[in-house]
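J.: Need a 3D model of the following:
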Amino acid sequence: MRTIILLAFVMVIVSCNAQQKKQNIKTINNTAMHTDTAIFGEGCFWCTEAFFQRLKGVISVTSGYGGGHVDNPTYEQVCDKKTGHVELARIVYNPAEITYDELLEVFWKTHDPTTVDQQGEDKGPQYRSVVFYLNEEQKHKAEHYKNELNKSGAWAKPVVTAIEPFKNFYPSENYHHDYYNSNPNQGYCRYVIQPKVEKFEKVFKEKLKH
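T.: This is a model prediction of the structure:
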């Protein structure tokens, strides 16, 4: 009986140690994950958010306003075109799964970077094409990509995307967040965003979350 009790005790200790080791590994992995941030403006942030949140390696996408001179602007103020802000997507990602270069590729392939302050029927400075870089590496990559696009003649007109240092970012009102996924039958979502998302998913099918 004593041997049986001792054996059972040893098995419990081994099991506990294994569980603790597993927990420690999980904690180490979570702590070790490195994230980075990209900030893009490519027209309506409802569309931009819908594209990037579908990519493997993207942790979160937040719609917001940035680049202007008014603190904590409202959607109505930005639409009034006097704050200097752009509709933006702040993208937090894991560079071990997706690179800044790949995000730039998606950025330039999911909007028209040759129109000034306009994307389709959406017109105004809040819809301008812009990359707000957070460091010199991002600046260099964005400028290189833009130059290569212009050299390649990929677009009939010059790429006018602005590449500017990060200035500020203010999250938009809550009802804008996850807008397309939450409102698939809303008119703009159904007839404007949905066709764009379907095309995006075909072009970037290898990079999509499962």
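
J.: Neighbours of residue 183, how many?
T.: For residue 183, the neighbour count with other CB atoms under 10 Å is 15. C-beta here means a position set from N, CA and C on the backbone, and glycine is covered the same way.

J.: nearest spatial neighbour of it, skipping sequence neighbours?
T.: residue 189 (5.2 Å; CB to CB, 6 or more residues apart in numbering).

J.: How about residue 196?
T.: For residue 196, the closest residue by CB to CB, 6+ apart turns out to be residue 47, at 5.9 Å.

J.: I'd assumed residue 194 was in contact with the one you found.
T.: No - between residue 47 and residue 194 there is no contact under CB atoms under 8 Å: 10.1 Å.

J.: Quick check: neighbours shared by these two?
T.: Shared contacts of residue 47 and residue 194 (CB atoms under 8 Å, 6 or more residues apart in numbering): residue 180.

J.: low-scoring stretches of the protein, by residue?
T.: 1-32 (pLDDT under 70).

J.: Please enumerate the helices of it.
T.: Counting by DSSP state H, one finds helices in the chain at the ranges 2-32, 45-52, 75-79, 100-109, 136-152, 179-182, 187-188, 194-203.

J.: Of all the residues in the last one, which ones are buried?
T.: Spelled out, it's helix 194-203. Across helix 194-203, burial judged by 16 or more other CB atoms under 10 Å covers 196, 197, 200.

J.: At the geometric centre of this structure, which residue do we find?
T.: The centroid of the chain falls nearest to residue 91 when counting by CA atoms, centre = their mean (3.0 Å).

J.: which strand residues sit across from it in the sheet?
T.: residue 38, residue 61 (DSSP bridges).

J.: What are the neighbouring residues in contact with it?
T.: 37, 38, 39, 40, 52, 58, 60, 61, 103.
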